[in-house]
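[1] quick one: sequence plus predicted model below, questions after.
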Amino acid sequence: LTLMSPLDFEAITDFTLVVRVTDQASNVSDRLSSSLTVRVAIQDVNDNAPAFVSPATGTVTVMEDAEVGHSLCRITAVDRDFGENSRTTYTITAGNEDGKFTLGYGTGVLALARPLDISIANGISPKYPSSLWT
């Protein structure tokens, strides 16, 4: 069997082929053959990057007096691969140097880890919500 075009597990997971073998007896009418059904199972490879689904805008709003442990949002992403290749984890890679936020490694839940106290740090009025970029 020779592959004639690229395979994509996400498009089709298997093929069923019928293969025939025929002997080459000199008299064509004496030739004998057998058939075999072959299932070609495609294995998934990690060829799709995860894509964020929510929050759609990348902006989450929180009141500065929100309590520690307050859940701000659930960040979700999907990966079109299959099985182990589709599992995702979440980490904060920048902007949390002061440790004010936690992000559930497997859940994507963004929560407040320390008091914000933005009005003291930035001179912002506590009457207005502050936006966070995720």
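    Noted; the coordinates are in hand.
[2] residue contacts, the residue nearest the centre of the chain?
    For the chain, the residue sitting closest to the mean C-alpha position, by Cα atoms, centre = their mean, is Asp79 at 2.4 Å. With contacts defined as Cβ atoms under 8 Å, 6 or more residues apart in numbering, Asp79 is in contact with 48-51, 85-88. To be clear about C-beta, it is placed using only N, CA and C from the backbone, and glycine gets the same treatment.
[3] need the pLDDT of the residue located most distally from the centre of the chain.
    Here the chain has its C-alpha centre computed as a mean, and the residue farthest from that point, by Cα atoms, centre = their mean, is Asn27 with 59.5 Å. With respect to pLDDT, Asn27 scores 95.
[4] so how far is Gly69 from the closest residue to Gln24 other than its chain neighbours?
    The shortest distance from Gln24 to any residue that is not its chain neighbour, by Cβ to Cβ, 6 or more residues apart in numbering, is 6.9 Å, and that residue is Arg31. Arg31 is 78 Å from Gly69, where distance means Cβ to Cβ, to the nearest Å.
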